[in-house]
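Q: Dropping a prediction and its sequence here:
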Amino acid sequence: MSKISTEPDVSPITMDKKVTKTEMQTVFRSLFAGDSTLTELFARDVILTLQDIQELNRKIAEKLVRNNVSVLSFQAFARFEKGKTKEYGDWDSFSSDDWTIPEVLNSLQLNWRFMLEDCTQSKYHLHTLSVFCSSWLNPQQVMQAIFSNDPADIERLDFKACPVSCRIDFTDHVISQELMNLVSEWNKGLSTPQYIFPIMKKFKAHSDLIAKAVNTSIPILTGLACFAYFHHATHNLTAQDPASVGMIRDTVIWLAVSAFSLFLANRLSATVAERIKTLLFHFGRFTVFSLTKGDFARQDELMVNGTRTLYRFLAMSCLAILWNVVGGIVTVVLLGK
């Protein structure tokens, strides 16, 4: 009687064909190789409307059609203030949405995906074009990026710091550069926010220099005025004149008044300089988006705040200028006598 074996068949499997090194490299690239990435940050201040986004979509579609490529999918992620988010799965749902809402749009990410054929390998590769628009950073986003263990959070912070940024994940270098140039030209055509006084834009760009000048000039001119008074009071005295009780008393009073004046000048200059720097930093703030009713209301609010900031800046500047003028006049008059 024959015995039935229950042991599994462990006979070695042999390959009829050896895999070449080139084939192994091809398989490895297909499994593990990632796409290249092209990024560009656009620091130019712009105002973005729904018509601008529609124009960008039209230009991208025309560019891809000319290259015999069609868009596979479109996605948009809208993030509003107070934590509200909205996701759109296609272009029709995004463009036809009711934007007459009271929410203020904080950021908007637009993604176009399309397939491009690789003639050398006879297969298709997925390409992604992402345009990210953001009004401004809030302190919470900055702190999250600083204390994050993921280095990519710092990169994302750089993107959010610019009004418009673009990223393309690609394998074809030619069409990716053409698309980046298209986004760059589109960004140049966007309208820019208008300052109440154009010269304030130059002051804002040199806020550190202005603050340093204020912080330095007030103590220096105060010290010169104190020295000029001492010189005026003692220029007729000689080394042979006896020191009287009145002279000692006047000297002590001068030292006390001078020390108090310099202390006051240092505190005043630091306060005024810091206030001027803060006002210039907040002056001219604007929202990138002009899509929702909330965006238009926020822009009006920022314009009113900008006017108030301008008046406060002028008041702080006049205070610093007046202090320096008085100190300069006192110095010139006393030294001239």
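A: Okay, I see it.

Q: quick one: residue 127 and residue 167 touch, right?
A: No. Contact criterion Cβ atoms under 8 Å: residue 127 and residue 167 do not qualify, at 11.4 Å. C-beta: built from backbone N, CA, C; applies to glycine.

Q: Need the residues touching each of the two.
A: Listed contacts common to residue 127 and residue 167 are nil; contacts here mean Cβ atoms under 8 Å, 6 or more residues apart in numbering.

Q: Quick check: which ranges of the stretch 51-200 of the chain have low pLDDT?
A: Across the stretch 51-200 of the chain, residues meeting the criterion (pLDDT under 70) sit at 70-71, 117-124, 136-161, 171-172, 195-197.

Q: which stretches of it form helices?
A: Secondary structure of the stretch 51-200 of the chain (DSSP state H, counting those that start in this stretch): helices at 91-95, 139-146, 152-161, 173-188, 199-205.

Q: same check, this time on the stretch 201-337 of the chain
A: With DSSP H, counting those that start in this stretch as the criterion, the stretch 201-337 of the chain has helices at 207-234, 245-282, 293-336.

Q: any idea how far the shortest one is from the chain center?
A: Spelled out, it's helix 207-234. Here helix 207-234 shows a centroid-to-chain-centroid distance of 36 Å under the convention Cα atoms, centre = their mean, to the nearest Å.

Q: swap in the longest one?
A: Relative to the mean C-alpha coordinate of its chain, helix 293-336 is positioned 25 Å out (Cα atoms, centre = their mean).

Q: pLDDT averaged over that helix - what is it?
A: Here the mean pLDDT over helix 293-336 is 87, rounded to a whole number.

Q: Between helix 245-282 and it, find me the angle.
A: In this structure, helix 293-336 runs at an angle of 160 degrees to helix 245-282, with axes from the mean of the first three to the mean of the last three Cα atoms, to 10 degrees as the basis.

Q: now for helix 293-336, which elements pack on it?
A: Using 3 or more Cβ pairs under 8 Å, 6 or more residues apart in numbering; DSSP states H and E as the contact definition, the elements that helix 293-336 packs against are helix 199-205, helix 207-234, helix 245-282.

Q: Take those and write them to TSV, including distance to residue 76.
A: Shown next, in TSV, are the helices and strands packed on helix 293-336 (distance: least, Cβ to Cβ, whole Å):
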stretch	distance to residue 76
helix 199-205	32
helix 207-234	36
helix 245-282	30
